[in-house]
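have a look; sequence and predicted model below, questions after that.
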Amino acid sequence: MAMATERLGQRVEALGDMLSVLGRLTDEAGTLLDVLGGSLGQLGALTAPIHSRATALTAAQRNVAATKAEVDSLLDHLDTARRVAGPLAAGPASDLAAFMEALESLERSVAFLQGHARLAAVQAALGHAQALFNRALETCHADFTRTLVEATRAAMPPPAWVQQHLDDVITEATREHLTRSLVAPDVLLKLQRMGQVMLDAAYSPVRDSYAAARDRGLEVALRAVGQETPPLASLQLLQPDALERVIAAWTRRLQALVLLSLSEYRLARAVWPENVGDELFSRVVGRHLQQLAQSGRDIIEARRVPEKLFALLDMHSLLQQVVPSLLVVLAGPPRGDDEHSATHEDGGGCSSSGGGAVAQRQLSPACMALLREFSALVALVARAAAVLFGEYEDVVARDASKILPPDGTIHPLTAQVLSYLKRLLTYERAAEVLFGGDDVGSIRSSGGGSNAEGSTAAALAAAVSRLMARLLDNLESKSRQYRGDAALGALFMMNNVHYVQWSVEGSAAEALLGRDWLERHKDLVEDWGARYQDLTWGPLLALLQVDAPTDVGRLKQHLKDTFSTFNAGLERIYATQSCWTIPDAMLRDAVKRVVKNDVMQPYQEFLRRYADVQFTTTPAKYIKFTAGDIQTIVDDDLFSGKVR
């Protein structure tokens, strides 16, 4: 135990000695560090001037190098005009790549020199470079325009192709099929590069030249399918058939313009960046669309003649087809689908509605205005057609033609009205256009509308019924102009009412007017036929039905008077009515049957009753006709239209 205690004490004593040594070493190290710190401070104070001089020298060397580089660059840019003069003078036709490289190099030098224009030595060189650059831009502009005109002239769709596709409906599905490339790929690359250089140089005349060149190209193509519409003053002087030709040419030009605009859009977006291409496309196509819209308004305001209704209906039908196609054209292909303008896409604008979907482009304000203008034209055409149809009813009612057919045949007014009606009802949407009100100006939707269609059909039926009534009232008034021959007036009315009834029966007009209307007019034909019968043959039949006197002397005189009057009446009928006409064979045969049934039997009975009466010594003088003679007259001569 004692030994362990002793060893522990020794260790404690040794540990104390070690700690004492460690303390001394620590004190000495601190003293040494203090001395070293003082020495370093003295060294820093001695080297500070040397460091300042070295830093200044480095900065000076850097400034000298920068100045030398700036001077070298300035000298290089001052010499650019001399270096590029040769390629620029040769022009793009000689070596396009060299010309464009020289032009781009000169453009950079001009920009550099403009930043140093404060130097007197630079000002003269800048003026020379700027003048050379401007001349080069003019050369580039001229070659751009020439190349564009020549390339597009050769690639424009031929008139036969345009005519073939005029009636094609333009949709996203048919866009690619109906779009033609107006320049070859190698020419397109040339136009793109020259156009971009001139855009970067803010050389605005190239835009005007492009628009003017494509405007002329479009005009040539449009003139091949239809002549330009004359001004309103000239339209007012045109006859109806000439006006119809003008309207037909207008419709063809509009169809052709919409069709050709697909190719114009592709060209503009391929040559120029998106915003510039859209602006130039709107300028080129917009001018022609505005002209056609104005011409359409002029056509609507031109001579208001009945036949113009059909041209207006054609215009309305065309516009209903063209306006949706125009929307497709003006909007351009959906974003992501315009492969031909990919080189100029800038990534802005429309966004997709979902993953993988293709976003529809937004219309520019200019294109929206054009679309609204043509949508308004649809409504304007419909209103003009409705007014014209309403006026036609009054025209028919007021027709004051004094010239009547001398043979009682169909009046020209009747034929014209029925032809007008037949042609009107060939238009599937005539009722909607004429009686659809404000809704007809909108583009046709794909569903619904049965109630509206029913109401417009009913309105058209009522209007046509009124038109027929006005026609017949006018014809009846005209029939009274057959002064002194009411029978011819009755025949005239029978012919015309039958023509109306026959024209309506089995046609679209019958479905519109109804079977009851048709039956009423069949009865009317019979009524006028009966009136003709009474006026023509009634007096002769009345002679045969008069009670003869019982006194022999008076009977003889009665028979002489009866035969003489009957003969004279029949001869007059033969002389006049052999010049009359019943143009419908079935009606003519029916009338003849009635005449023979009503006249021949009473006449035969009259002859048989008085055959044994010796009322004259010259019977041939009085009994001139047999029943067979009357039949021959009726069958062979009556209503044969002989010329007097």
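Thanks, I have it.

lowest average confidence, helix or strand, in the protein?
Comparing helices and strands within the chain by mean pLDDT, DSSP states H and E singles out helix 96-115 as the least confident, with a mean of 65.

ok, residue 589 - contacts?
Taking Cβ atoms under 8 Å, 6 or more residues apart in numbering as the contact definition, residue 589 lies against nothing. Where C-beta positions appear, they are placed from N, C-alpha and C, glycine not excepted.

what's the answer for residue 296, then?
Under the criterion of Cβ under 8 Å, 6+ apart, the contact partners of residue 296 comprise 250, 254, 315, 377, 380, 381.

so of those, which ones are in helices?
Among the contacts of residue 296, the residues falling in helices (DSSP state H) are 250, 254, 315, 377, 380, 381.

for residue 408, see how far away the nearest residue to the fourth one once chain neighbours are set aside is.
Of all residues beyond its chain neighbours, the one nearest residue 377 is residue 296 (5.2 Å), with distances taken as Cβ to Cβ, 6 or more residues apart in numbering. Taking Cβ to Cβ, to the nearest Å as the measure, residue 296 and residue 408 are separated by 45 Å.

same check, this time on residue 557
Distance of residue 557 to residue 408, given as Cβ to Cβ: 37 Å.

between these two, which is the more surrounded one?
Residue environment comparison for residue 557 versus residue 408 gives the larger neighbour count to residue 408, 29 against 13, counting by other Cβ atoms under 10 Å.

what is the nearest of the ones in helices among the contacts of residue 296 to residue 638?
Taking Cβ to Cβ as the measure, residue 315 is the one of the ones in helices among the contacts of residue 296 closest to residue 638, at 49.1 Å.

so the closest one makes contact with residue 251?
Yes - counting by Cβ atoms under 8 Å, residue 315 does reach residue 251; the two are 6.6 Å apart.

quick one: which of those two has more around it?
Neighbours per residue, other Cβ under 10 Å: of residue 315 and residue 251, the larger number sits with residue 315, 27 against 23.

and for that one, nearest residue in space, chain neighbours not counted?
Of all residues apart from its sequence neighbours, residue 381 sits closest to residue 315 (Cβ to Cβ, 6+ apart), at 5.0 Å.

ok, that neighbour - contacts?
Applying Cβ under 8 Å, 6+ apart to residue 381 gives the contacts 296, 300, 312, 315, 316, 319.

got those as TSV, with distance to residue 607 and pLDDT columns?
Formatted as TSV, the entries for the contacts of residue 381 read as follows, by distance: Cβ to Cβ, whole Å; pLDDT from 0 to 100:
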residue	distance to residue 607	pLDDT
296	75	94
300	71	93
312	65	92
315	69	92
316	68	94
319	73	92
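
pick out the most distant pair among those.
Within the contacts of residue 381, 300 and 319 form the most distant pair, 11.5 Å apart (Cβ to Cβ).

of these two, which one has the most company?
Set residue 300 next to residue 319 and count neighbours by other Cβ under 10 Å: residue 319 wins out with 24 against 21.

can you show me the helices along the stretch 201-350 of the chain?
Under the criterion DSSP state H, counting those that start in this stretch, the stretch 201-350 of the chain contains helices at 205-223, 232-235, 240-271, 274-301, 308-331.

can you say which of these is nearest to residue 5?
Counting by Cβ to Cβ, residue 5 lies closest to helix 274-301 out of the helices of the stretch 201-350 of the chain; the figure is 102.0 Å.

that closest one relative to helix 205-223, how many degrees between them?
Here helix 274-301 runs at 40 degrees with respect to helix 205-223, directions being taken by axes from the mean of the first three to the mean of the last three Cα atoms, to 10 degrees.
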